[in-house]
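Q: Predicted coordinates and the sequence they were generated for:
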Number of protein chains: 2
Amino acid sequence: MSVQDSPRNGRPRVVIIGGGFAGVAAAQALRGSGAQVLLLDGSNHHCFQPLLYQVATAALAGPDVAWPIRYVMRGRSDVTVLMLAAEGVDPARRVVKTTEGEFPYDFLIVATGAAHSYFGHADWAARAPGLKSVEDATLIRRRLLTAFEQAEATSDDRARARLLTFVIVGGGPTGVELAGAIAELARRTLPPEFHRADPRKARILLLEAGPRILSGFPERLSTYARRALERMGVEVRTGTPVEDIGERMVVAGGDKIDAGAILWAAGVRASPAGSWLGAATGPDGRVAVKPDLTAPGLPEVFVAGDLGLVTNPDGTPVPALAASAKQMGWYAGRAIRRRLAGQAPKKPFRYRDHGSLATIGRRAAIVKLGRLELTGFPGWLFWSVAHVYFLVNLRTRLFVAISWIAAYFTYHRGARIILKSSCEDRGAAPPPH
Amino acid sequence: MSVQDSPRNGRPRVVIIGGGFAGVAAAQALRGSGAQVLLLDGSNHHCFQPLLYQVATAALAGPDVAWPIRYVMRGRSDVTVLMLAAEGVDPARRVVKTTEGEFPYDFLIVATGAAHSYFGHADWAARAPGLKSVEDATLIRRRLLTAFEQAEATSDDRARARLLTFVIVGGGPTGVELAGAIAELARRTLPPEFHRADPRKARILLLEAGPRILSGFPERLSTYARRALERMGVEVRTGTPVEDIGERMVVAGGDKIDAGAILWAAGVRASPAGSWLGAATGPDGRVAVKPDLTAPGLPEVFVAGDLGLVTNPDGTPVPALAASAKQMGWYAGRAIRRRLAGQAPKKPFRYRDHGSLATIGRRAAIVKLGRLELTGFPGWLFWSVAHVYFLVNLRTRLFVAISWIAAYFTYHRGARIILKSSCEDRGAAPPPH
């Protein structure tokens, strides 16, 4: 392995692993710090995960919610972005290992996020895909739309009933958003275009192991969300842990449910990067970081985003959200900046809860901003405006706003295409050289 | 195999195989005919192929140029759309065979189009993908963008030079459009965002076996196009047939060229549907149809689009274009309609050449409308307006227009995301029941 030692010119080197919310915020916090920043990610794009469910349910196209990391970093001559997955870290030698050699660092920010966790059932992954990437969303869109198409094509009534059954496992925000969007697809968007199958007859089941959905929200809001989903025709089953997932079949609460598509929105597990740092990790793979977000025993290594486990002053864990990831990334970047400037360390990281939002569907969302709670149309409008605001540029904001306004009046969803997987590429894509 | 016999109610049954330009036009021509129309396609979407190269070069998203066939047919209670690939036709029993059983017809329109042809070199397909579907475009986009990313990530200068070499085989409209768009990507869009590799140093080679590019256009326009490409930094090599294609390597005109991506825009071959009809086909697989577009000996079977070979009154073959496919489909639909109404057959099919267009890049296109020839900015503006006009709905027109206007002023391309192939889905997608 070669060491890729770009000319240092006496400038301190900061490596950031991961171009998600935390990694991008960290790079932004380092603007003007004098450091030479290297941002590594195995993917070329930063993904706005809160809207991925809209890609999965055919309302938006992938490029509406994902932008090249180097585009996000344009104008930053101090930031080099490389599409390389880190393969490890050697904290003793202070290098990050990749297929293109090792990259030395003076400071490191590890922000590799989380992936789905199937609680030890690896075979469930292919049967019930989760939603973390644009690829995942494309796959879920294919599964959903194909089930409707096959229901229309078959002449077997039993097969049709099965194909029109959709099971979503997990009643957190993603599960609720998926269930609501599938209900709208089935009840509003598709019926005028189907002649043999009736999409309105689709069964949509949302399974939650715990006693209520959206358990991160106050009980009143979670009750509102359940009723709103039920009004849209979603069967919400709480206290129903999943026991098994087979090919188009779920066993939950003692029931065997045949399904046309099964989606996973239940568990996540942090990326394995924790082990690179020799750090203790919890059962969910998260690294218990110090109050300044450094890894135990490694003051030059910060952990930000879903990979880092940090607690609020009241002892509760900081939730793994886009907002907390951004704040952690920003904090880590600023902390490095202060150290480079010879300033005293910042105060310990404190998560500021600016509110939580979840949408259920057309004119139905829940918003909690401090003591303010919104539901129904006001909540939905707030949710929509907030999400358009956070998009990367004017063109994307226009596209998403136009899509939503068109969908509001026509129920049309603009990205209803099934893309076959291009497997032939796997054998054909040779290594770089 | 079951026979899927939907209630006939005494209405004649027309089956259309293929939801491309020909199949969709045929269905539109049958509006109000009293026939019960069944449209079969293995894909769920109709693709606007003339803009696919913009998806492949990251200017547009897939859903901007592809729409569900059933959405295109919305409001037509007489048209049933099924996502089923035809597996054969039994002309004696008048049925179309599919995985969901057989579908009987009184009239059949076969419009299954064409695929790439590698002149007998099947192993070239994975090394030099062609551009016929949204999946193809997604794959090409991945290859192109990955080459630039790998050039930035490598520290090996020789590897970098190879990665920044792009070879396009075939100097027809698709090859020219791809070469021009890649040149803009390399020279204008990407340079500000790359620090280690210089995308402006990219070599873009357009290889054409014949004596000039765009041989379907008058020589003056083809000379203009060549000069425009060369001004953009594309090396145009005419009289240069490709001898071999290896992994990231092309042999042409005695030269061995190492490349970061190789694209195929050279040969097409009609789908194998000709053999279903027991019809004689040419070396390119096309069915020599009768002047009324029926298959020889099968007056109830029409062949439309790229699959059908029909000649102009001057003996030249009608070119395989979107416009000719639409006209053939429309003619076939109308001919069936007349027969159902007991009217005399229409006059033989006559292709009306409304003009040909090809774009090279920013402010450079060629247009031939009868005796009118446009180049440069007027040609480009005409090309842009004509293509936006042909899109399916207002929302798509807005999206494409906004993308192009934004790109005109900023050089930004809005769909620069690399999607990994989701191969894991192949094993996991079970048969419908």
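A: Looks like it came in fine. These figures come from a predicted structure and were not determined experimentally. Residues are numbered from 1 along each chain as shown, chains lettered A, B, ... in the order given.

Q: for the one residue in the stretch 201-350 of chain A that gets nearest to chain B, phi and psi?
A: Closest contact between the stretch 201-350 of chain A and chain B, by CB to the nearest CB, is at A:Glu247 (4.8 Å). Every residue, glycine included, has its C-beta placed from N, CA and C. Main-chain torsions, A:Glu247, degrees, to the nearest 10: phi -70, psi 110.

Q: What about it, how many residues nearby?
A: 13 (other CB atoms under 10 Å in any protein chain shown).

Q: Could you measure from it over to A:Thr154?
A: 17 Å (CB to CB, to the nearest Å).

Q: cool, and A:Glu193?
A: 17 Å.

Q: Between these two, which is the more surrounded one?
A: A:Thr154 (23 against 20).

Q: from what I can see A:Glu303 touches A:Asp292, true?
A: I think there's a mix-up here, since residue A:303 is Val and not Glu. No - A:Val303 sits out of contact with A:Asp292 when judged by CB atoms under 8 Å, with a separation of 10.6 Å.

Q: Counting neighbours, go ahead and name the busier of the two.
A: Shown here are A:Val303 and A:Asp292; by other CB under 10 Å, A:Val303 has more neighbours (32 against 16).

Q: Could I get the contacting residues of that one?
A: A:Ile109, A:Val110, A:Ala111, A:Gly274, A:Leu277, A:Ala279, A:Val287, A:Val289, A:Leu293, A:Thr294, A:Ala295 (CB atoms under 8 Å, 6 or more residues apart in numbering or on different chains).

Q: at 7 Å instead, please
A: Shown in contact with A:Val303 (CB atoms under 7 Å, 6 or more residues apart in numbering or on different chains): A:Val110, A:Val287, A:Val289, A:Leu293, A:Ala295.

Q: Surely the first one and A:Pro272 touch.
A: Okay, so that is A:Val110. No - counting by CB atoms under 7 Å, A:Val110 does not reach A:Pro272; the two are 11.0 Å apart.

Q: ok, those two, which is more surrounded?
A: Using other CB under 10 Å as the criterion, A:Val110 and A:Pro272 rank with A:Val110 on top: 32 against 13.

Q: How much space separates that one from chain B?
A: Remark: distance between A:Val110 and chain B (CB to the nearest CB, to the nearest Å) = 19 Å.

Q: Which pLDDT value belongs to that residue?
A: Per-residue pLDDT puts A:Val110 at 98.

Q: Quick check: phi and psi at it.
A: phi -100, psi 120.

Q: What of A:Phe166?
A: Main-chain torsions, A:Phe166, degrees, to the nearest 10: phi -120, psi 130.

Q: Only the buried residues of the strand or helix carrying A:Ala179, if you could.
A: Assigned by DSSP states H and E, A:Ala179 belongs to helix A:173-184. The neighbour-count check on helix A:173-184 (16 or more other CB atoms under 10 Å in any protein chain shown) flags A:Pro173, A:Thr174, A:Gly175, A:Val176, A:Glu177, A:Leu178, A:Ala179, A:Gly180, A:Ala181, A:Ile182, A:Ala183, A:Glu184 as buried.

Q: which ones are touching the third one?
A: Spelled out, it's A:Gly175. With CB under 7 Å, 6+ apart, A:Gly175 has these contacts: A:Ile168, A:Leu206, A:Ala265.

Q: cool, and the first one?
A: Contacts for A:Pro173 were tallied using CB under 7 Å, 6+ apart; they are A:Leu214, A:Ala358.

Q: And the helices in chain A, which stretches?
A: Ranges of helices within chain A are A:21-29, A:52-56, A:69-72, A:124-127, A:134-153, A:157-163, A:173-184, A:219-231, A:273-276, A:322-340, A:376-389, A:394-410, A:424-428, based on DSSP state H.

Q: Please say whether there is contact between the first one and chain B.
A: No - looking at helix A:21-29 against chain B by CB under 7 Å from any CB of the partner chain, there are no contacts, and the closest approach is 13.6 Å.

Q: what packs against that helix?
A: The contact analysis (3 or more CB pairs under 7 Å, 6 or more residues apart in numbering or on different chains; DSSP states H and E) places helix A:21-29 against strand A:13-17, strand A:36-41, helix A:322-340.

Q: From the opening residue of stretch A:65-82 to its closing one, how far?
A: End-to-end distance of stretch A:65-82: 20 Å, with CA to CA, to the nearest Å as the criterion.

Q: ok so, going back, which of the contacts of A:Val303 tops the neighbour count?
A: A:Val110 (32 neighbours).

Q: how near is that residue to B:Val242?
A: According to CB to CB, A:Val110 and B:Val242 sit 47 Å apart.

Q: Check A:Ala406 too.
A: Distance from A:Ala406 to B:Val242, by CB to CB: 45 Å.

Q: Next: A:Gly172.
A: Applying CB to CB to A:Gly172 and B:Val242 gives a distance of 53 Å.

Q: Which one of these two is surrounded by more residues?
A: B:Val242 (24 against 19).

Q: Nearest spatial neighbour of the more buried one, chain-adjacent residues omitted?
A: B:Ala252 (4.7 Å; CB to CB, 6 or more residues apart in numbering or on different chains).

Q: Run a quick neighbour tally on the residue lying closest to A:Tyr118 once chain neighbours are set aside.
A: Residue nearest to A:Tyr118 in three dimensions, not counting chain neighbours: A:Trp124, with 4.5 Å by CB to CB, 6+ apart. Look at A:Trp124: counted by other CB under 10 Å, it has 22 neighbours.

Q: what pLDDT does A:Trp124 get?
A: 96.

Q: Let me know whether it touches A:Gly246 as I believe.
A: No - counting by CB under 7 Å, A:Trp124 does not reach A:Gly246; the two are 9.1 Å apart.

Q: Lowest average confidence across the helices of chain A, which one?
A: helix A:424-428 (a mean of 38).

Q: Any stretches of the stretch 151-300 of chain A with poor pLDDT?
A: Judged against pLDDT under 70, the stretch 151-300 of chain A has no low-scoring part.

Q: what residues does it put near chain B?
A: So the stretch 151-300 of chain A meets chain B at A:152-156, A:159, A:162-163, A:192-193, A:195-196, A:247-248 (CB under 7 Å from any CB).

Q: filter these to the buried ones?
A: Using 16+ other CB under 10 Å, the buried ones in these are A:Glu152, A:Ala153, A:Thr154, A:Ala159, A:Arg162, A:Leu163, A:Glu193, A:His195, A:Arg248.

Q: so who does the last one touch?
A: Contacts here follow CB under 7 Å, 6+ apart; on that basis A:Arg248 touches A:Arg162, A:Asp258, A:Ala259, A:Gly260, B:Pro430.

Q: Break chain A into its domains for me.
A: Per automatic domain parsing, the domain ranges recorded for chain A read A:11-113+A:271-419, A:120-264.

Q: And the nearest residue to A:Thr396 once chain neighbours are set aside, how close does it get to A:Ile405?
A: Among residues not flanking A:Thr396 along the chain, A:Asp64 sits closest, at 6.1 Å (CB to CB, 6+ apart). According to CB to CB, A:Asp64 and A:Ile405 sit 14 Å apart.

Q: Give me the more crowded residue out of these two.
A: Higher neighbour count among A:Asp64 and A:Ile405: A:Asp64, with 28 against 12, using other CB under 10 Å.
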